[in-house]
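> test case, fold it:
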Amino acid sequence: MKYKLTTILLLFIAFLNAQNIQSPSKNISLDFKLSSDGIPSYTLAYKNKPIILQSDLGIKLKETNSLDANFRIENIDRKSVNETWKPVLGEQSNIKNNYNEMTVSLSQLSSNRKLNIIFRVFDEGVAFRYEFPKQPSLNYFIISDEKSQFNLTGNHKTFWIPGDYDSQEYVYNETKLSEVDNSKIDLNNGIGLKSIKDKYRVQSPLQMKTADGIYINIFEAAVVNYPVMHLDLVPNEYKLTSNLVPNAIGDKAYLQAPCVSPWRTIMVSDDARDIVSSKMILNLNEPCKIEDTSFIKPMKYVGIWWEMHVGKATWDYAGSQNAQNAAGNLIPTGKHGATTANTKRYIDFAAKHGFDGVLVEGWNVGWEDWFGNWKENVFDFVTPYPDYNLKEINDYAKSKGVKMIMHHETSGSVANYERHLDRALNLMKEYGYPAAKSGYVGRIIPRGEFHDGQTMVNHFNFVAKRFADYKMMVNSHESSRPTGFSRTYPNYIAAEAARGNEFNAWSNGNPPMHETILPFTRLLGGPMDYTPGIFEIKMSVYDKSKTEQVHTTLAKQLALYITMYSPLQMAADLPENYEKYPDAFQFIKDVAVDWQESKYLEAEPGDYLTIARKDKHSENWFLGAITDENKRTTEIKLDFLSPNKKYKATIYQDGKTADWKNNPISYDIKTMQVTSKSKIKLSLANGGGTAISFEPIN
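Below is the predicted model:
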C-alpha cells in the first residue's frame, strides 16, 4: 500500500509539473514543465510539428537570488476569453480577442519568493509574461537579465536587422539563421548613431520561415516600464535568448512588486497572411485609458520636410545645412524652408486638395548647432525664427480650414524636452495644434542612456500620456519601436521607429523588398509614419550630380498608402511635383486613412503583399499591391466587395515599360465596372505596385 501511495504521489507531482494549453482552434499547443532542478521551460508545436524546442524561462536579479530555478508549482489557473473591442482608429472597426490562458504560480524553495508565468494561446500564436506578485520577500528589485529562450528547430530563412540599442533604421537582411553576423553588414547606410554591441544580436520582431513553409515571428507586446527586448543568437544551434537593453550603469530594469514584464510573443502559421494581419500584439495591451477620445482623429497631411531632405531648403535659418555653424551672427541665405510665405504656400495647397494638416520642420531656433555634440540645451520648442510668424501662419491656416502640425525635434536631449514639454504643449493649445511630430536624433541625454532602455521607454509613454492630458496627438520619430501601446493611448497616433522613406533621398536607400518586410515586422506593433507618396523618384531632378533615388515605381508609392497602415499619412513630396502628375495624385486625395475592414489577400515576406481595405465612413474600398525587385503578375478576386453592388474601379498601375530603376514614373490609369464576382489581373513591374479605388455606382 505504501508503494502504491508513493507511486500515485510521484505521478501526481509529474502531472502537476507538466501542463498543456492549446489555442481555441487546437492548432497550437504549448507544454510547460519544471525540471528536476525546478527550472521552468516550455515547448511549442503547430499542427503537431515542433516549433520551439525545450526553452528555459527565468529572471536574473541583481544582488539577490535569481528567479530561474528551484521552483515548485503552487497552483495552476486557467480561463478562456472570447471578446470583441472597438479601436478608436484602426485597420478594422472591431477586433476579436480570443485566447486560452494558463497562469502557473511558482514558489521558490530557497527564498520563498513567488513568481507567476502567464501563458496566452491565440489561434495565431502564443504569449507569455512574468508576473511578480506583492509579497514580503520581494518589494523593490533590479533585473540584471531575463533568460527567456526561443530554441528553434532548424536553420530557418530569417529577415533580420542588427540588435542596435539606438536605432532600427536598417535595411533588412534575408539570410539563414546560421548566416546572421552583424560584422558583415554594410554600415555606410546613412544611420547617424549606431550602438551594435554583439555580432549575433538581432532585433525583434524577427520574422522567419521554415523549410516546410511555416512562418514564425518572435516579438513582444505591452512594453511598459521595461526595456526593449533584443535577441541573442547562437547561429549554428538556432537558439535565441532575450537580451534586455541596459541603462547607463548596466542595469536592465528597476521594478517594485506587484508588477509584470512585457509579453513575449511567438506567432506561427502556415499562411503568411495570418502573421501580417494579426492583432495579437494590440490584444495583449491594456484597453484605452483616455475617457474622451473625440480629439483623436485621423489626418492626411503635407509639409515642409522633403525639400530639406533633397537639398532644396534647410532646417536652419542661416541656410547652410550645416549643424555646426552656430558661431557668429546668423545671416539668412534664402534657403530656409520654414518661412511664413512658404508655409502659406503649403497651406494653400492643403486647402485646395482637401488635406487635414501641414507639418513644418525647422520653424524654431536652434537648428544651427543641434546635432552631434551631446549638447543639452538646444531647442526651447516655443521660439520661432525671425522669418516664421506663428500667429500669422495659424490665423491663415484657420481661415483655410487647415490644421498645423507642430514639430518637436529633441536632438536626443530628453531631459531638455521634459523640462520644456508643458510650455510647448501650452503653445500648441494657444494656437490650436491637434498634433506634433517628435524626433530623437542623436545620443540620448541623460547621457549614457540608449533609445531602447527603460528610461526612454518610460519617456515615450509619458509623452503620449502628457499629450493626452492636453487632448493632443503625437507621432514619434527615432523612438523605440511600438508594441501596441496605441491601444491604451490611441493619441499615440503613429511612430517611425524603422528605416523610413527619407533614406532614399540621401543614402543608399531602401531596397525594393523593404516595404514588403515592414508589415511583417515593425507594423505588427503599431502604425508607422513611413511618409510615402514620392513622385519625383530620382534625386537628379534637383541636382544632376545626384545618383540617389527612391527604389520603387510611382505606382508603388501609391500602393503604400494601403500596405503601410497609418491613420496619419503624409503626402511627402513637394506640391509642385504633385501638380506635374495630377491624375496620379488623385489617388492620394481619395484614399482613406481609417478603416472599417481590412482583407489581406496575398502575402509573402520579402516578396509581395496585397491588401484591400474598406473606408470606415463610406462604402468605398481601396486596394494596394506591392512587389520586391521582381515583376509579378497575379489575379485578384473581388469577393470582398459588397454583393449586389456595382463599383467603379480606378486602377493606378505600372506602365508596360515601368521599372523601379530605369523607368519609375511610367504609369497607366484605367477605369472599369466591377462587382464582387469580378476578378482583376494585376501586372506589377520590378519594384512596382498597383493601387485601386472602388467607388459604388448609384
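
> now the strands for the stretch 101-250 of the chain?
For the stretch 101-250 of the chain, applying DSSP state E, counting those that start in this stretch gives strands covering 114-122, 125-132, 140-146, 149-152, 157-160, 173-176, 201-203, 206-209, 215-221, 229-234, 239-244.

> any chance of the ones you listed in a markdown table, with distance to Asn322, mean neighbour count and mean pLDDT too?
Every residue, glycine included, has its C-beta placed from N, CA and C. Formatted as a markdown table, the strands of the stretch 101-250 of the chain follow (distance: least, C-beta to C-beta, whole Å; neighbours: other C-beta atoms under 10 Å; pLDDT from 0 to 100):
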| stretch | distance to Asn322 | mean neighbour count | mean pLDDT |
| --- | --- | --- | --- |
| strand 114-122 | 51 | 22 | 98 |
| strand 125-132 | 47 | 23 | 98 |
| strand 140-146 | 43 | 18 | 97 |
| strand 149-152 | 46 | 20 | 98 |
| strand 157-160 | 35 | 22 | 98 |
| strand 173-176 | 33 | 16 | 98 |
| strand 201-203 | 32 | 23 | 98 |
| strand 206-209 | 39 | 24 | 98 |
| strand 215-221 | 40 | 26 | 98 |
| strand 229-234 | 34 | 20 | 98 |
| strand 239-244 | 37 | 22 | 98 |
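
> so which of those gets nearest Gly439?
strand 201-203 (20.3 Å; C-beta to C-beta).

> and Lys79, how many neighbours does it have?
The number of residues packed near Lys79 is 10, by other C-beta atoms under 10 Å.

> touching, it and Glu101? I think so.
Yes - the criterion here is C-beta atoms under 8 Å, and Lys79 meets it with Glu101 at 5.1 Å.

> how near is Arg273 to Lys239?
29 Å (C-beta to C-beta, to the nearest Å).

> same check on Glu478?
On the measure of C-beta to C-beta, Glu478 and Lys239 end up 31 Å apart.

> about what we covered before: out of the strands of the stretch 101-250 of the chain, flag the one nearest Asn508.
Among the strands of the stretch 101-250 of the chain, strand 173-176 sits nearest to Asn508 (C-beta to C-beta), with 13.9 Å.

> partner strands of the closest one, parallel or antiparallel?
strand 157-160 (antiparallel) (DSSP bridges).

> put the alpha carbons of the partner strand into CSV.
Presented in CSV, the C-alpha positions along strand 157-160 are these (Å, rounded to 0.1, in the frame of the first residue of the first chain):
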residue,chain,number,x,y,z
LYS,A,157,15.1,31.8,-43.5
THR,A,158,15.2,34.9,-41.5
PHE,A,159,14.6,38.6,-42.0
TRP,A,160,16.7,40.5,-39.5
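
> okay, strands next: where are they in the stretch 551-698 of the chain?
Remark: strands assigned in the stretch 551-698 of the chain by DSSP E, counting those that start in this stretch are 568-570, 595-604, 608-615, 621-627, 632-637, 647-654, 667-674, 679-684, 689-696.

> list the neighbours of the fifth one that are in contact with it.
Under the contact criterion C-beta atoms under 8 Å, 6 or more residues apart in numbering, strand 632-637 has outside partners 601-602, 608, 610, 623, 625, 679-684, 688.

> and the residue nearest to Asn65 when sequence neighbours are not counted, how many neighbours does it have?
Nearest non-adjacent residue to Asn65, counting by C-beta to C-beta, 6 or more residues apart in numbering: Ser111, 4.9 Å away. Ser111 has 15 neighbouring residues, counting by other C-beta under 10 Å.

> which ones are touching Ser111?
Applying C-beta under 8 Å, 6+ apart, we find Ser111 in contact with Thr64, Asn65, Ser137.

> same deal with Asp380?
Asn364, Val365, Gly366, His420, Arg423.

> is it correct that it falls within a strand?
No - assigned with DSSP: H, G, I helix; E, B strand; the rest coil, Asp380 falls outside any strand and is coil.

> could you identify the helix or strand that succeeds the lowest-mean-pLDDT helix or strand in the chain?
Counting by mean pLDDT, DSSP states H and E, the chain has its least confident helix or strand at helix 2-17, which shows a mean of 50. Sequence-wise, the next helix or strand downstream of helix 2-17 (DSSP states H and E) is strand 18-22.

> CA-only coordinates of the strand or helix carrying Ala494 in CSV, if you can.
Using DSSP H and E, Ala494 sits in strand 492-495. The C-alpha coordinates for strand 492-495 follow below in CSV (Å, rounded to 0.1, in the frame of the first residue of the first chain):
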residue,chain,number,x,y,z
TYR,A,492,0.0,58.0,-29.8
ILE,A,493,-1.2,58.1,-33.4
ALA,A,494,1.9,56.8,-35.2
ALA,A,495,5.6,56.4,-35.0
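
> and it, what does it pack onto?
Where contact means 3 or more C-beta pairs under 8 Å, 6 or more residues apart in numbering; DSSP states H and E, strand 492-495 is packed against strand 473-477, helix 485-488.

> thought Leu601 was touching Arg613?
No - between Leu601 and Arg613 there is no contact under C-beta under 8 Å: 10.7 Å.

> quick one, which of the two is more surrounded?
Arg613 (27 against 17).

> what residues are bridge-paired with the more buried one?
Bridge pairing for Arg613 - DSSP bridges - gives Ser598, Phe622.

> can you tell me which residues contact it?
Counted by C-beta under 8 Å, 6+ apart, Arg613 has contacts Glu91, Ile562, Ala592, Trp595, Glu597, Ser598, Lys599, Trp621, Phe622, Leu623.

> just checking, Asn342 is part of a helix?
Yes - assigned with three-state DSSP, Asn342 falls within a helix.

> and it, how far is that from Tyr388?
9 Å.

> and these two? Which one has more around it.
Counted by other C-beta under 10 Å, Asn342 and Tyr388 do not tie: Tyr388 has more neighbours, with 23 against 17.

> gap between that one and Glu376?
24 Å.

> dump the strands of the stretch 551-698 of the chain to a markdown table, plus distance to Ala18 and mean pLDDT.
Listed next are the strands of the stretch 551-698 of the chain as a markdown table, based on distance: least, C-beta to C-beta, whole Å; pLDDT from 0 to 100:
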| stretch | distance to Ala18 | mean pLDDT |
| --- | --- | --- |
| strand 568-570 | 48 | 98 |
| strand 595-604 | 36 | 98 |
| strand 608-615 | 40 | 98 |
| strand 621-627 | 46 | 98 |
| strand 632-637 | 46 | 98 |
| strand 647-654 | 55 | 98 |
| strand 667-674 | 55 | 98 |
| strand 679-684 | 50 | 98 |
| strand 689-696 | 50 | 98 |
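
> let's have those in a markdown table, adding distance to Ala435.
Formatted as a markdown table, the strands of the stretch 551-698 of the chain follow (distance: least, C-beta to C-beta, whole Å):
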| stretch | distance to Ala435 |
| --- | --- |
| strand 568-570 | 7 |
| strand 595-604 | 19 |
| strand 608-615 | 21 |
| strand 621-627 | 23 |
| strand 632-637 | 35 |
| strand 647-654 | 28 |
| strand 667-674 | 32 |
| strand 679-684 | 34 |
| strand 689-696 | 26 |
